[in-house]
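Chemist: Need the 3D shape of this:
(chains A and B, ligands or ions: 1)
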Amino acid sequence: MDEKTIIEWLEDAMDLDEGTISNDTVLEELEEWDSLSRLSLMAIVKKKVNRMLTGNDLSSFVTVQDVIDFLR
Amino acid sequence: MDMSKNVLITGASSGIGEAAARYLTEQHYNVILVARNEERLKKLVNELGENARYYIYDFKNLDRIEDIFIYCKECNLMLDGLVHCAGYSNNLPVKEMEPDILEDMIDVHANSYLMLGKYMARKEYSNRGASIVGMSSMSVIIQKRGMAAYTGAKTLINTYTTIMAKEFVRREIRVNSIMPAYVNTPMLQEMKIEHENAMGMIEPEYVAYLIEYLLSDKAKYITGAHIPMSSGMLGDVRHIKNGG
Ligand SMILES: NC(=O)c1ccc[n+]([C@@H]2O[C@H](COP(=O)([O-])OP(=O)(O)OC[C@H]3O[C@@H](n4cnc5c(N)ncnc54)[C@H](OP(=O)(O)O)[C@@H]3O)[C@@H](O)[C@H]2O)c1
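Modeler: Numbering: from 1, shown residues only, chains lettered A, B, ... in the order given. Prediction:
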């Protein structure tokens, strides 16, 4: 998975415009990083790469880079 | 630059959907009309002129709903509105219910509404601030015998309206449903039932006026509402012309 695709998934999950976030964006600082967005991200990851993200995985993500590292 | 709003209307080949197509084009909206009957859609589009186009789709099938949105995108139409009027009625006691009748009813009215909502919510297909209108019915309140499948589907439309309104608020997409009493359309004429509207049968263009209001910026604070259009059918029976 290239990092551009993962950033797109995150933007998609949070309904953000393209190019709004980058690798060092802190997720907790985004108003859009709420429970609904987390559920969306779980569904996207399940659909695209057939991996299950747990609640613990999700709470361990601090920055966008953490999500990228986890999925790569 | 063309500032008119682009609106997708399902069930646009007849009745309320057709009335909405006529009124919205009169009000300078661009419309994309969806239904199964190509002949009727073609005729209507010819009549409405260059601000109208059509796409054939049968909502018994939930799998290819995105194709409608891909078509809009190919026409360079980012959507500002969705009006889901596709539907039909049947009067069938529970004793006579069959699984396929129940399934089609729920799919055409309600599940297709949710799947249309899914794509409307996506930024590749719709503009921020778009408006979604679902066609529910006063039957949800009256809950008549023989109307289990229909009323169940219409109840689901209201439920989906509420939940989509909550989920789509982030892109300021508003979602509302309308619950008309008896409307003078082919659907009702086919059923050969007498209306029970104390203030008379609703003419479809009056539903279209409310649809246009909900699509417009005049309604920009209204979301998550299920709006009754009762024409006086409020449950407490009084004199009704034609009995009932
Ligand atoms: N009339 C009333 O008293 C009344 C009251 C409350 C609510 N409503 C609701 O208002 C909506 C419109 O009804 P109406 O009275 O205007 O009925 P109508 O004149 O019979 O129109 C129904 C429309 O839905 C389309 N449709 C039906 N099945 C479809 C399918 N499987 N796939 C795609 N399109 C389909 C029809 O087009 P094609 O046949 O070309 O596909 C037609 O354009 C319905 O949801 C109805 O339940 C009506």
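Chemist: What parts of chain A come near chain B?
Modeler: A:15, A:17, A:32, A:36 (Cβ under 8 Å from any Cβ of the partner chain). From N, CA and C alone the C-beta is placed, and that goes for glycine too.
Chemist: Could you confirm the second one falls within a strand?
Modeler: No: Residue A:17: not assigned to a strand; according to DSSP: H, G, I helix; E, B strand; the rest coil it is coil.
Chemist: Next, the contact list for the residue of chain A found nearest chain B, please.
Modeler: Using Cβ to the nearest Cβ, the closest approach of chain A to chain B is made by residue A:15 at 5.0 Å. Contact partners of residue A:15, counting by Cβ atoms under 8 Å, 6 or more residues apart in numbering or on different chains, are A:32, A:37, B:121, B:123, B:170-171.
Chemist: redo that, cut-off 10 Å
Modeler: Contact partners of residue A:15, counting by Cβ atoms under 10 Å, 6 or more residues apart in numbering or on different chains, are A:32, A:36-37, A:40, B:121-123, B:128, B:167-168, B:170-171, B:173.
Chemist: Generate the ChimeraX command that creates a selection of the buried members of those residues.
Modeler: In ChimeraX, this line selects whichever of those come out buried by 16 or more other Cβ atoms under 10 Å in any protein chain shown:
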select /A:32,37,40 /B:121,167,168,170,171,173
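Chemist: Which elements pack onto the longest helix along chain B?
Modeler: Counting by DSSP state H, the longest helix found in chain B is helix B:148-168. Helix B:148-168 makes packing contacts with helix A:35-49, helix B:99-106, helix B:112-120, strand B:126-135, helix B:139-142, strand B:174-180, strand B:226-229 when contacts are defined by 3 or more Cβ pairs under 10 Å, 6 or more residues apart in numbering or on different chains; DSSP states H and E.
Chemist: Excluding covalently adjacent residues, which one is nearest to residue B:21?
Modeler: residue B:12 (4.8 Å; Cβ to Cβ, 6 or more residues apart in numbering or on different chains).
Chemist: Which secondary structure element is home to that neighbour?
Modeler: Using DSSP states H and E, residue B:12 sits in no helix or strand.
Chemist: tally of neighbours for residue B:55?
Modeler: The burial count assigned to residue B:55 is 20, neighbours taken as other Cβ atoms under 10 Å in any protein chain shown.
Chemist: That one and residue B:13 touch, don't they?
Modeler: No: with contacts counted by Cβ atoms under 10 Å, residue B:55 stays clear of residue B:13, the gap being 11.4 Å.
Chemist: Buried residues in whichever strand or helix holds residue A:59, which are they?
Modeler: Per DSSP H and E, residue A:59 falls inside helix A:55-60. By 16+ other Cβ under 10 Å, the buried positions in helix A:55-60 come out as A:57-58.
Chemist: joint contacts of residue B:55 and residue B:13?
Modeler: Joint contacts of residue B:55 and residue B:13 (Cβ under 10 Å, 6+ apart) are B:33-35, B:38, B:41.
Chemist: Inside strands: which ones of those residues?
Modeler: Residues from the shared contacts of residue B:55 and residue B:13 lying in strands, with DSSP state E as the criterion: B:33-35.
Chemist: so what pLDDT did residue 19 get?
Modeler: The chain I'm using is chain A. On the pLDDT scale, residue A:19 is placed at 93.
Chemist: try again with chain B
Modeler: pLDDT for residue B:19: 98.
Chemist: now swap in residue B:161 and tell me
Modeler: pLDDT recorded at residue B:161 is 98.
Chemist: related to what we said a few turns ago, and the two most separated of the residues of chain A next to chain B?
Modeler: Using Cβ to Cβ, the residues of chain A next to chain B reach their maximum pairwise distance at A:17 and A:36, which is 17.6 Å.
Chemist: At the contact with chain A, which residues of chain B appear?
Modeler: Residues of chain B lying near chain A by Cβ under 10 Å from any Cβ of the partner chain: B:121-124, B:128, B:166-168, B:170-171, B:173.
Chemist: which residue packs closest to residue B:188, ignoring adjacent ones?
Modeler: residue B:182 (6.0 Å).
Chemist: my guess is residue B:119 contacts residue B:65, does it?
Modeler: Yes: using Cβ under 10 Å, residue B:119 makes contact with residue B:65 at a distance of 6.6 Å.
Chemist: wait, which of the contacts of residue A:15 is closest to residue B:28?
Modeler: Nearest member of those to residue B:28, counting by Cβ to Cβ, is residue B:128, at 20.7 Å.
Chemist: Tell me which residues touch the closest residue to the closest one other than its chain neighbours, please.
Modeler: Spatial nearest neighbour of residue B:128, chain neighbours left out: residue B:171 (5.2 Å); criterion: Cβ to Cβ, 6+ apart. With contact taken as Cβ under 10 Å, 6+ apart, residue B:171 is in contact with A:15, B:120-123, B:126-130.
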